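1. I need the structure of the sequence given here:
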Amino acid sequence: MCLATPGKVTAIKGEMATVDFGGGTKKDVNVSLINAKLGEYVLVHAGFAIEVIDEKAAKETLELMEKIA
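-> Numbering: from 1, shown residues only. Here you go, the predicted structure:
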């Protein structure tokens, strides 16, 4: 099973972006597969942003993941 985690793009430099997953977790993510913009939420799998998603869906998913953990 694969899991993609939502996060917010906080910086972009070339094909790499800093993505904030909440709880103080930030990672550098490759955004070359999508057209991500600063402030948008993306789904990240294996170090790559694979889809831009809306803020409501991202926050709902993050809340559910937090409850499970």
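2. secondary structure element holding residue 58?
-> Per DSSP states H and E, residue 58 falls inside helix 55-68.
3. what's that helix packed up against?
-> If contacts are counted by 3 or more Cβ pairs under 8 Å, 6 or more residues apart in numbering; DSSP states H and E, helix 55-68 sits against strand 5-13, strand 16-22, strand 41-45. For glycine as for every other residue, the C-beta is placed from the backbone atoms N, C-alpha and C.
4. list the buried residues for stretch 42-52?
-> 42, 43, 44, 48, 49, 50, 52 (16 or more other Cβ atoms under 10 Å).
5. for it, the distance to its chain's centre please.
-> 6 Å (Cα atoms, centre = their mean, to the nearest Å).
6. repeat that for stretch 5-20.
-> With Cα atoms, centre = their mean, you get 7 Å for stretch 5-20.
7. what residues sit buried inside that stretch?
-> Neighbour counts over stretch 5-20 (16+ other Cβ under 10 Å) mark 5, 6, 7, 8, 9, 12, 17, 18, 19 as buried.
8. what's next to the helix-or-strand element of the chain with minimal mean pLDDT, contact-wise?
-> Across the helices and strands of the chain, mean pLDDT, DSSP states H and E gives its lowest value to helix 55-68, namely a mean of 91. Residues from elsewhere that reach helix 55-68, judged by Cβ atoms under 8 Å, 6 or more residues apart in numbering: 5, 6, 7, 8, 21, 22, 23, 41.
9. leaving out chain neighbours, which residue sits closest to the second one?
-> Across the structure, with Cβ to Cβ, 6 or more residues apart in numbering as the measure, the residue nearest residue 6 apart from its sequence neighbours is residue 58 (3.8 Å).
10. mind checking how far that neighbour is from residue 24?
-> 17 Å (Cβ to Cβ, to the nearest Å).
11. more neighbours, these two?
-> residue 58 (21 against 6; other Cβ atoms under 10 Å).
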